[in-house]
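> Predicted model and sequence below, questions to follow.
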Amino acid sequence: MAEQTEGGLNIHPMDQFIIVPLFGDAPLEWYTPTNSTLWMAFTVLAVTALLLLTTMRKADVPSRSQLIVELIYGFLRNMVESVAGKDGLKFFPYIMTVFMFIALSNVLGLIPASFTATSHIAVTAALALTVFVSVTIIGFVRHGIGFLGLFWISSAPLPLRPVLALIEVMSYFVRPVSHSIRLAGNMMAGHAMIKVFAGFAGVMGIGAVVPVVAIAAVYGLELLVALIQAYVFTILTCVYLKDALHPHH
Amino acid sequence: MATATDAAENPVGIPQLDFSTFPNQIFWLIVALLAIYIVVKRIAIPRIGGILEQRAARMESDLELAEELSKQAATLEEESRAMIAEAKSEAEKISAKARDEVRQLTESAMDEVSYRISGMTAVAEARIEEIRRNAQEGIVEIAQDAAYEIVALLLPGKEDRTAAAESVRGQAGGETQ
């Protein structure tokens, strides 16, 4: 935390996103473990615990925790199948991986003084570009040049088609941008907002009740947003995958 | 390379746009995703899929068993109903037969009894007749003897056995006939 300047508010809502090496002050190399690395590791542990500890008994009559995992599994599998089709199930493990990573990273990020890996555009852009590149490759491998039919709206009147094709191509390339910024932006904004309210609470004395109540409310909202954004990222991945598998729809 | 402290004094002011941290974040992201992918693909999905499959199989086999058992119960019920009906008709037959037998037995016993009674009546009647005749004959004889004796007492020398007998027989015959 930066030192207080005299008078007025001195809130640094973005400081929580600063990446610092875990050990020492050595300059940041690509392999240096950082706070981001630490919380990604916690995310991996949480995902592993959630998926494996709860299903250890393999009970026919599930416990509550096993039921939760079964519901997540069923929900995701059903989503992949209904959005991307039966042949989309081949990619179900990766989609489940992405969902579990984003959901738990978002939720763990809500722990006070923690770090949210998914609030960084680098992480979300990497996730979104992975989806974009693999979906494009899958499309061309499956349909060859016919994949470009995705941009040629055959149900539109012929004179409009070139214009629509231009728009479609543009929107196709904007996809990874919106895909990644949506997630990072939501995470960043929520956390920054909580931090700003907390800063108000620090200087308001007894009146701090108002921002504290606001923090509690925003926290609940953020919990919702954390899961919804994981869901949105995942279902958009499925939609893009559907375009690659069935471009003529 | 920007360090953490000068990221805050970054002219942009947003740590997310500090491109020097990108390779680091992306590297560790790949590591994390690979770890989760292995857990999800190798263990979690087969395990959960197995659990769901096992449950579905168990439900199916349980339902099949229940259906079979209810079918068995239905056939058993039918069988028992048929057995009851059979037993009932059998019992009716037996009781009808028993009633017939009893009636026949009663009838034949009655016949026998009445036959015997009539036989005994005839014998008894014959004996009564005989006894009466004997008694009559005895009386006649006694009367003849008595008549003879009386005549012999009253009129000695004039007694006649045949005359006495005839006279008694005439009296008795007139009396008895």
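Arrived safely. Remember, it's a predicted structure, so these values are computed and weren't measured experimentally.
> going forward, measure contacts and count neighbours with C-alpha atoms only.
Noted.
> Give me the residue ranges of chain A where confidence is low.
Where chain A drops to pLDDT under 70, the residues are A:1-9, A:249.
> can you do 80?
Residue ranges of chain A with pLDDT under 80: A:1-11, A:24-26, A:202, A:204-205, A:248-249.
> How about chain B?
Residue ranges of chain B with pLDDT under 80: B:1-13, B:157-160, B:164-165, B:167-177.
> So what's the residue count around the residue in it positioned nearest to chain A?
Distances between chain B and chain A by C-alpha to the nearest C-alpha are smallest at residue B:24, namely 3.8 Å. Applying other C-alpha atoms under 10 Å in any protein chain shown, we find 21 other residues in the vicinity of residue B:24.
> I'd assumed residue A:196 was in contact with residue A:218.
No - with contact taken as C-alpha atoms under 8 Å, residue A:218 and residue A:196 are classed as non-touching, separated by 11.5 Å.
> In chain A, spot the helix with the most residues.
Ranked by number of residues, the top helix in chain A under DSSP state H is helix A:161-203.
> what's the answer for chain B, then?
helix B:45-154.
> Now do the phi/psi pair for the residue of chain A found nearest chain B.
Of all residues in chain A, residue A:30 sits closest to chain B, at 3.8 Å by C-alpha to the nearest C-alpha. Phi and psi for residue A:30, reported as degrees, to the nearest 10, are phi -70, psi -20.
> My read is that it contacts residue B:24, right?
Yes - the criterion here is C-alpha under 8 Å, and residue A:30 meets it with residue B:24 at 3.8 Å.
> Quick check: closest non-adjacent residue to residue A:119.
Nearest non-adjacent residue to residue A:119, counting by C-alpha to C-alpha, 6 or more residues apart in numbering or on different chains: residue A:184, 4.3 Å away.
> who's in contact with the one you found?
Residues near residue A:184 by C-alpha atoms under 8 Å, 6 or more residues apart in numbering or on different chains: A:118-121, A:124.
> again, but for residue A:244
Contacts of residue A:244 were listed using C-alpha under 8 Å, 6+ apart, and they are A:135-136, A:138-140, A:142, A:147.
> Report the buried residues of the helix or strand harbouring residue A:225.
Element membership for residue A:225 (DSSP states H and E) is helix A:209-245. Neighbour-count burial for helix A:209-245, counted by 16 or more other C-alpha atoms under 10 Å in any protein chain shown, picks out A:211-212, A:214-215, A:218-219, A:222-223, A:225-227, A:229-245.
> Run the angle between it and helix A:161-203 for me.
160 degrees (axes from the mean of the first three to the mean of the last three C-alpha atoms, to 10 degrees).
> and residue B:66, how many residues sit next to it?
By the other C-alpha under 10 Å criterion, the neighbourhood of residue B:66 contains 12 residues.
> That one and residue B:158: what is the separation?
Separation of residue B:66 from residue B:158 (C-alpha to C-alpha, to the nearest Å): 130 Å.
> next one: residue A:155
Per C-alpha to C-alpha, residue A:155 is found 176 Å from residue B:158.
> of those two, who's got more company?
Ranked by neighbour count (other C-alpha under 10 Å), residue A:155 and residue B:158 place residue B:158 first, with 11 against 8.
> Return the residues in contact with the residue of chain B closest to chain A.
Neighbouring residues of residue B:24 by C-alpha under 8 Å, 6+ apart: A:28-32.
> among these, which are in strands?
Using DSSP state E, no member of these sits in strands.
> From the residues you listed, keep the buried residues only.
Buried among the contacts of residue B:24 by 16+ other C-alpha under 10 Å: A:28, A:32.
> Distance to residue B:104 added to the contacts of residue B:24, as TSV?
Shown next, in TSV, are these (distance: C-alpha to C-alpha, whole Å):
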residue	distance to residue B:104
A:28	123
A:29	122
A:30	119
A:31	117
A:32	118
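> Just flag the most distant two among the contacts of residue B:24.
Spatial extent of those (C-alpha to C-alpha) is set by the pair A:28 and A:31 at 8.0 Å.
> Need the contacts of residue A:184 in JSON lines (columns: secondary structure and neighbour count).
Output for these, formatted as JSON lines (DSSP: H, G, I helix; E, B strand; the rest coil; neighbours: other C-alpha atoms under 10 Å in any protein chain shown):
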{"residue": "A:118", "secondary structure": "helix", "neighbour count": "30"}
{"residue": "A:119", "secondary structure": "helix", "neighbour count": "26"}
{"residue": "A:120", "secondary structure": "coil", "neighbour count": "27"}
{"residue": "A:121", "secondary structure": "helix", "neighbour count": "26"}
{"residue": "A:124", "secondary structure": "helix", "neighbour count": "26"}
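> Show the contacting residues for the closest residue in space to residue B:149 that isn't next to it in sequence.
Leaving out its chain neighbours, the residue that sits closest to residue B:149 by C-alpha to C-alpha, 6+ apart is residue B:159, at 8.0 Å. Residue B:159 is in contact with B:148-149, B:151-152, counting by C-alpha under 8 Å, 6+ apart.
> what helix or strand does residue B:159 sit in?
Residue B:159 belongs to no helix or strand, assigned by DSSP H and E.
> Next, it: phi, psi?
Dihedral angles for residue B:159 - degrees, to the nearest 10 - are phi -70, psi 140.
> Tell me the spacing between it and residue B:166.
Distance, residue B:159 to residue B:166, using C-alpha to C-alpha: 13 Å.
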